[in-house]
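S.K.: Got a predicted structure here, sequence first:
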Amino acid sequence: MTAGPFYTPDSPRRSSLVEPGSKAERLVLVGLVISPRCKPVANALLDFWHCDEAGDYDNRGFRYRGHVLADAQGRYSLETIVPGEYPGRTRHIHVKVRPPGGRILTTQLYFPDEPGNRSDGIYRRELTMQVAPKRGQRDAKFDFVVAG
Ligand code: FE
């Protein structure tokens, strides 16, 4: 998928993108990075970026930008907020997944049951996270398959 115009390289390594004092709804995203043969891709780098709850990207600093590394079992996790929407796009999270020594996968993740999914021409159903709604927080899951 397209990275869009708002990618910033060299994001900080951190497992939480939540800003101090933020009242936005929390999103906890977990999953696996695995090879086509379902082997864990340890140390894959997952670089996330998304807009804030008002639909704005931070194009000067690193608000709602950060990367994590998959562990030896290929597991990753990220704590952040549910991003807002901006004109023309349904709700989404951008990510680049880089297996050690491998090619970068640039893609986007989507939320289920979003009205905007039907009108966004970039949206793809297979990139929809599994999301369990919970009071004050949404737990999401998505597994990436990349050449290890
Ligand atoms: Fe975007």
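M.R.: Done, it's in. Since we're looking at a predicted model, the values are computed, not measured. Residues are numbered from 1 along each chain as shown.
S.K.: Confidence-wise, which helix or strand of the chain is lowest on average?
M.R.: Of the helices and strands making up the chain, the lowest-confidence element is strand 130-134, at a mean of 88, by mean pLDDT, DSSP states H and E.
S.K.: Who does the helix or strand that that one is followed by pair with, and is each partner parallel or antiparallel?
M.R.: Under the assignment DSSP states H and E, the closest C-terminal helix or strand after strand 130-134 is strand 137-141. As defined by DSSP bridges, the strand partners of strand 137-141 come to strand 26-34 (parallel), strand 130-134 (antiparallel).
S.K.: buried set for strand 137-141?
M.R.: For strand 137-141, the neighbour count (16 or more other Cβ atoms under 10 Å) marks R138, A140 as buried. For every residue, glycine as well, the C-beta is placed using N, CA and C.
S.K.: Ok, stretch 18-31 next?
M.R.: Using 16+ other Cβ under 10 Å as the test for burial, stretch 18-31 gives A24, R26, L27, V28, L29, G31.
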